[in-house]
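Asks: Need a 3D model of the sequence below.
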Amino acid sequence: MMELVFMFLPVITLVIISLVMSPKWKQCEKIDTGIELCYWKLSYRRKFIRTLWMIPLSIITIIGFHISFLSNIGTCLIAVIFSIMLLIQAVYNYKKWKKGD
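Replies: Next comes the predicted model:
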């Protein structure tokens, strides 16, 4: 149980930081070319592409989780959570990109 707490603690921290920083980056100009590390500065097209790049990294993370903890239930839970998050993010960014926001 403690392993799950230590695994989700960084995720919760990142979500809180994301919520706090979101209004600041909302006003900045969006970048559609070149390398940009800050997710909030990307256009929706670039956000969609970055989301697609996250799919193989998520699969590697799930495999690493399964090898480390040897838990079928935990692995399935993490796989479902990653899949739902990536699917929602990809659909949202794709729709916003095509809408032209």
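
Asks: list the buried ones in stretch 36-51?
Replies: Buried residues in stretch 36-51, counted by 16 or more other Cβ atoms under 10 Å: 40, 42-44, 46-48, 51. Where C-beta positions appear, they are placed from N, C-alpha and C, glycine not excepted.

Asks: Surely residue 65 touches residue 78?
Replies: Yes: assessed by Cβ atoms under 8 Å, residue 65 is found in contact with residue 78 at 5.5 Å.

Asks: Contacts for stretch 92-101 next, please.
Replies: With Cβ atoms under 8 Å, 6 or more residues apart in numbering as the test, stretch 92-101 has contacts from 43-45, 47-48, 51.

Asks: so how far is that stretch off the chain centroid?
Replies: Relative to the centre of its chain, stretch 92-101 is centred 17 Å away, using Cα atoms, centre = their mean, to the nearest Å.

Asks: List the buried residues for it?
Replies: By 16+ other Cβ under 10 Å, the buried positions in stretch 92-101 come out as 93-94, 97.

Asks: same deal with stretch 73-92?
Replies: Buried positions in stretch 73-92, judged by neighbour count with 16+ other Cβ under 10 Å: 74-75, 78-79, 82, 86, 90.

Asks: Can you tell me which helix or strand of the protein has the lowest average pLDDT?
Replies: helix 2-26 (a mean of 74; mean pLDDT, DSSP states H and E).

Asks: And the next helix or strand past that helix?
Replies: On the C-terminal side of helix 2-26, the nearest following helix or strand under DSSP states H and E is helix 44-69.

Asks: and that next one, how far from the chain's centre?
Replies: Centroid separation between helix 44-69 and its chain, computed with Cα atoms, centre = their mean, is 8 Å.
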